[in-house]
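Engineer: this one's structure only:
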């Protein structure tokens, strides 16, 4: 299934207009230097990675009246060839000034999007190695204004987005619970407001809090900052008592430890470092000499 079909028609258009307005608020001095001669630029992947970001790249150069010819799709791997030469991801043809207007904006997006997709694929491969049947998910630790790109890239890399925003699921964390006085009060209030259609998830520090959350009507319990051994014990006991409940493990899970948390009694592993501190992939756009 193509995750780019999730975007409403105007969502990417609006984002790209905002990004272009931010990057060129007044005069385009460099564009005036190069003029409007028609040129072709090569989009080059200069290291191994999983490609992501084509819908945003397409919209940038559509708005700039350029034509794109693709040689890769989102989710596919690319690398240097046997001679160390970059992988040609796409050709972009159009007025020189327009190509350069979109160059840095598009590369910033592709570098980060592909970095996230690459990290996501690595995590998917790690849990597949231990034949885990659950889902690895991102978190809401995304860059303001860049959430669609980052969440989309998690999908491209084969992971789950988790909740998209505050409106898509009710997650009750420690501050919510302390403000309401108890887990039970917080869950009851959330259910009265969210109705039947929204899941309620509660962050829990121990098994007793998880049981209180489930008894109050939570659909998902997050066992937060657990060690793998403690997670194995508590998740097993909770699944025996409440086989219908969704159990999520979160907090401090890294690529080096994720396999230890991929337990048969854990349904979701969520990680903030899927979108925070992810290395970018080196991609460039080079106008070809005549």
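Structural biologist: Received it, and whenever you're ready, just let me know what you need. Here the structure is a predicted model, which is why all the values come from computation and not from measurement.

Engineer: Confirm that residue 17 lies within a strand, as I assumed.
Structural biologist: No: with DSSP: H, G, I helix; E, B strand; the rest coil as the criterion, residue 17 is assigned helix and is not in a strand.

Engineer: Next, count neighbours for it.
Structural biologist: 13 (other C-beta atoms under 10 Å). C-betas here are computed from N, CA, C, even on glycine.

Engineer: Can you report how many residues neighbour the closest residue to it other than its chain neighbours?
Structural biologist: Distances taken as C-beta to C-beta, 6 or more residues apart in numbering place residue 63 nearest to residue 17, at 7.1 Å, with adjacent residues excluded. Other residues near residue 63 come to 17 when the count uses other C-beta under 10 Å.

Engineer: if I look at residue 63, how far off is residue 200?
Structural biologist: As judged by C-beta to C-beta, to the nearest Å, residue 63 and residue 200 stand 41 Å apart.

Engineer: if we can go back for a sec, give the contact list for the residue nearest to residue 17.
Structural biologist: By C-beta atoms under 8 Å, 6 or more residues apart in numbering, the contact list for residue 63 reads 13, 16-17, 20.

Engineer: so what's it scoring on pLDDT?
Structural biologist: On the pLDDT scale, residue 63 is placed at 97.

Engineer: same question, residue 186
Structural biologist: pLDDT, residue 186: 97.

Engineer: My guess is it contacts residue 202. True?
Structural biologist: Yes: in terms of C-beta atoms under 8 Å, residue 186 counts as a neighbour of residue 202; the distance is 7.4 Å.

Engineer: The two - which one has more neighbours?
Structural biologist: Taking neighbours as other C-beta under 10 Å, residue 186 and residue 202 compare with residue 202 leading, 28 against 23.

Engineer: count of neighbours near the closest residue to that one other than its chain neighbours?
Structural biologist: In this structure, residue 202 finds its nearest non-sequential neighbour in residue 213, 3.8 Å apart by C-beta to C-beta, 6+ apart. Neighbours of residue 213 under the rule other C-beta under 10 Å: 26.

Engineer: Just after the helix or strand encompassing residue 213, pick out the following helix or strand.
Structural biologist: For residue 213, the host element (DSSP states H and E) is helix 207-216. Using DSSP H and E, the next helix or strand after helix 207-216 towards the C-terminus is strand 220-224.

Engineer: Now find how far off-centre that following strand is within its chain.
Structural biologist: 21 Å (C-alpha atoms, centre = their mean, to the nearest Å).

Engineer: Give me the contacts around it.
Structural biologist: 171, 199-205, 210, 213-214, 231, 234-235, 238, 245-251, 268, 270.

Engineer: Next up, the contacts around the residue nearest to residue 149 when sequence neighbours are not counted.
Structural biologist: Closest residue to residue 149 apart from its sequence neighbours, by C-beta to C-beta, 6+ apart: residue 113 at 5.3 Å. Applying C-beta under 8 Å, 6+ apart to residue 113 gives the contacts 52-53, 56, 149-150, 152-153, 156.

Engineer: which stretches of the stretch 51-200 of the chain form helices?
Structural biologist: Secondary structure of the stretch 51-200 of the chain by DSSP state H, counting those that start in this stretch: the helices cover 54-63, 96-129, 147-156, 174-180, 183-194.

Engineer: The second one vs helix 54-63, what angle?
Structural biologist: Per axes from the mean of the first three to the mean of the last three C-alpha atoms, to 10 degrees, the angle that helix 96-129 makes with helix 54-63 is 170 degrees.

Engineer: how about helix 96-129: buried residues?
Structural biologist: Of all the residues in helix 96-129, those buried under the rule 16 or more other C-beta atoms under 10 Å are 96-103, 105-121, 123, 126-127.

Engineer: what angle sits between it and helix 147-156?
Structural biologist: 50 degrees.

Engineer: what does the last one give?
Structural biologist: Between helix 183-194 and helix 147-156, the angle formed by their directions is 100 degrees, by the same axes, to 10 degrees.

Engineer: packing partners for helix 183-194?
Structural biologist: strand 170-172, helix 174-180, strand 200-204, helix 207-216 (3 or more C-beta pairs under 8 Å, 6 or more residues apart in numbering; DSSP states H and E).

Engineer: Output the contacting helices and strands for the shortest one.
Structural biologist: Translated: strand 170-172. Counting by 3+ C-beta pairs under 8 Å, 6+ apart, strand 170-172 packs on helix 183-194, strand 200-204.
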